[in-house]
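>>> Compute the structure for the input listed below.
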Amino acid sequence: MTSLLPRLFVRNYENTDDPGVRSGYGKLAGVVGILCNAVLFGAKLLIGTLSGSVSITADAINNLSDASSSVVTLLGFKLAEKPADADHPFGHARIEYLSGLIVAAMILLIGVELVKSSFQKILHPEPVDFSVAAVLVLALSIGVKLWMAHFNRTLGRRIQSETLIATAADSRNDVISTAAVLAAGLVGRFTGLEIDGWVGMLVALFILYSGVSIAKDTVDPLLGEAPTDELVRMISQEIRSYDKVLGIHDLMVHDYGPGRRFASVHVEMDSREDPLVCHDIIDDIERDFLTKHHIHLVIHYDPIVTDDEELNGMRELTSRVIAELDPRFTLHDFRMVRGPGHTNLVFDLVIPFEMAGRTKELSREINRRIKAVDEKYNAVITFDDGAFNT
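Okay, here's the model as predicted:
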């Protein structure tokens, strides 16, 4: 079923890099979520009302919140399709993240209300009429939610959607909470222990946990989270595969929503190469990234001197010095400015986040070690953030 539904309802379903196909996956997941959760809500609400079980009713309301969440997800993917306009030149794809944030807020609100009702049931417990019908409905719910978790996780990974992956995690939590409700009913049926309120509280806490997790997953890209290691590796390896490219640095990726990424990077090429040829290669790289990966890439051309024996020797020496200090350090944009009395070695040094407060100490130590080789050399260092030079 998980493989069949995309083939039936998503045109060109295999081309998941296409924003239109991606939106089709999201809307399909939204519709499936609405239908499944609506059926589960109706069945559980009926059984919970007839049996007087607050935990079953709580689980039913959780399914209602899931159905509402699926509506918001559906609308989010639909609105995120809108093309760029004068007021939103980077498009509307971030609406998908906003829809996830709305879903999280709804889940948190319902979770708080369920905590209140479960607390009252703990203080004033009442016997629960737990029937065979209740067992069947809850068992059916577990089966449906297991499939929904698999369905949303598969689609979420296929289109790299944090919203669908979070929805899958929510379905997984529903399996756990419904199993707990079923266990409470069986315990009450065969032992007489009234733990319904306590289980209802656990269900409510699972709902709150799910809401907080979804909120984090959607807030992070809105705040500007770092690109994934996989994305950085892909961009780096692909750029380096082009002819005449010696290296890259200062890669920055800006996420304006799924399928709407903008990036900038410095590309190093031999200074002896024809600038017009280098410019043509850079144009090719930018066009290829937009066509193949839907990434709007802007490249800064860095000419590198490779035929200066003294410069090459000092670059190697400086690289060894910083590697001895910390193997995580790397340098780029190395150049030499010669003067009558001394020679400046000018370069950018990439350091980890946690060492940002030690730049003066590091600069003194690097200069000390270089001057120990030859007093005429002076290191002029610009410290770079490791987030853009992994």
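
>>> who's in contact with the residue sitting nearest the centre point of the chain?
In the chain, the C-alpha closest to the average C-alpha coordinate belongs to residue 162, at a distance of 5.6 Å (Cα atoms, centre = their mean). Counting by Cβ atoms under 8 Å, 6 or more residues apart in numbering, residue 162 touches 97, 100, 156, 217-218, 221. Quick note: C-beta positions are derived from backbone N, CA and C, even for glycine.

>>> again, 10 Å this time
For residue 162, the contact set (Cβ atoms under 10 Å, 6 or more residues apart in numbering) comprises 96-97, 100, 156, 214, 216-218, 220-221, 225, 258.

>>> now swap in residue 210 and tell me
When contacts are counted by Cβ under 10 Å, 6+ apart, residue 210 is found next to 62, 65-66, 69, 103-104, 107-108, 111, 166-167, 169-174, 177.

>>> try it again with 6 Å
With contacts defined as Cβ atoms under 6 Å, 6 or more residues apart in numbering, the neighbours of residue 210 are 107, 170, 173.

>>> which SS class is it?
In terms of secondary structure, residue 210 is helix; the call rests on DSSP: H, G, I helix; E, B strand; the rest coil.

>>> again with residue 373
The three-state label given to residue 373 by three-state DSSP is coil.

>>> and it, what are its phi and psi?
Main-chain torsions, residue 373, degrees, to the nearest 10: phi -80, psi -50.

>>> separation between it and residue 314?
Distance, residue 373 to residue 314, by Cβ to Cβ, to the nearest Å: 9 Å.

>>> more crowded one of those two?
For residue 373 against residue 314, the residue with the higher neighbour count under other Cβ atoms under 10 Å is residue 314, and the figures read 21 against 12.

>>> Pull the contacting residues for that one.
When contacts are counted by Cβ under 6 Å, 6+ apart, residue 314 is found next to residue 345.

>>> mind running it again at 7 Å?
336, 345, 377 (Cβ atoms under 7 Å, 6 or more residues apart in numbering).

>>> Tell me if it really is in a strand.
No - assessed with three-state DSSP, residue 314 is helix; it does not lie in a strand.

>>> coming back round to it: what about the residue nearest to the centre of the chain, distance to residue 256?
Here residue 162 is placed at a distance of 15 Å from residue 256 (Cβ to Cβ).

>>> How about residue 10?
As judged by Cβ to Cβ, residue 10 and residue 256 stand 23 Å apart.

>>> Comparing those two, which residue is more hemmed in?
Each of residue 10 and residue 256 had its neighbours counted (other Cβ under 10 Å), and the higher figure belongs to residue 10 (22 against 19).

>>> Let me see the ranges of the helices in the stretch 251-390 of the chain.
275-293, 309-325, 359-371 (DSSP state H, counting those that start in this stretch).

>>> Please convert those to a markdown table, extending it with distance to residue 84 and mean pLDDT.
Formatted as a markdown table, these follow (distance: least, Cβ to Cβ, whole Å; pLDDT from 0 to 100):
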| stretch | distance to residue 84 | mean pLDDT |
| --- | --- | --- |
| helix 275-293 | 14 | 95 |
| helix 309-325 | 43 | 93 |
| helix 359-371 | 40 | 93 |
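
>>> Which among those helices is found nearest to residue 44?
Comparing those by their distance to residue 44 (Cβ to Cβ), the top pick is helix 275-293, with 43.9 Å.

>>> Now the closest one: buried residues?
Of all the residues in helix 275-293, those buried under the rule 16 or more other Cβ atoms under 10 Å are 278, 281-282, 285-286, 289, 293.

>>> what about the strands in the stretch 201-350 of the chain?
Counting by DSSP state E, counting those that start in this stretch, residue ranges of the strands within the stretch 201-350 of the chain are 245-255, 261-270, 295-304, 330-338, 343-351.

>>> For the last one, which strands pair with it and how are they oriented?
Partner strands and pairing direction for strand 343-351 (DSSP bridges) are strand 330-338 (antiparallel), strand 377-385 (parallel).

>>> Give me the mean pLDDT for it.
In this model, strand 343-351 has an average pLDDT of 93.

>>> How far does that strand sit from its chain's centre?
Between the centre of strand 343-351 and the centre of its host chain there is 33 Å, according to Cα atoms, centre = their mean, to the nearest Å.

>>> I'd like to know how far residue 145 sits from residue 9.
The span separating residue 145 from residue 9 equals 21 Å under the rule Cβ to Cβ.

>>> what about these two, which has more around it?
Counting neighbours by other Cβ under 10 Å for residue 145 and for residue 9 shows that residue 145 has the greater number, 25 against 14.

>>> ok, now how distant is the more buried one from residue 228?
Residue 145 is 28 Å from residue 228, where distance means Cβ to Cβ.

>>> Repeat that for residue 268.
Between residue 268 and residue 228 the computed distance is 24 Å (Cβ to Cβ).

>>> what's the answer for residue 276, then?
Residue 276 is 35 Å from residue 228, where distance means Cβ to Cβ.

>>> What residues does residue 64 make contact with?
Residue 64 makes contact with residue 41 under the criterion Cβ under 7 Å, 6+ apart.

>>> and if you look at residue 65?
Contacts of residue 65 (Cβ under 7 Å, 6+ apart): 106-107, 110.

>>> Which ones among these map onto helices?
Mapping the contacts of residue 65 onto helices (DSSP state H) picks out 106-107, 110.

>>> For residue 86, state which of those residues is nearest.
The shortest gap between residue 86 and any of the ones in helices among the contacts of residue 65 belongs to residue 106, at 32.1 Å (Cβ to Cβ).
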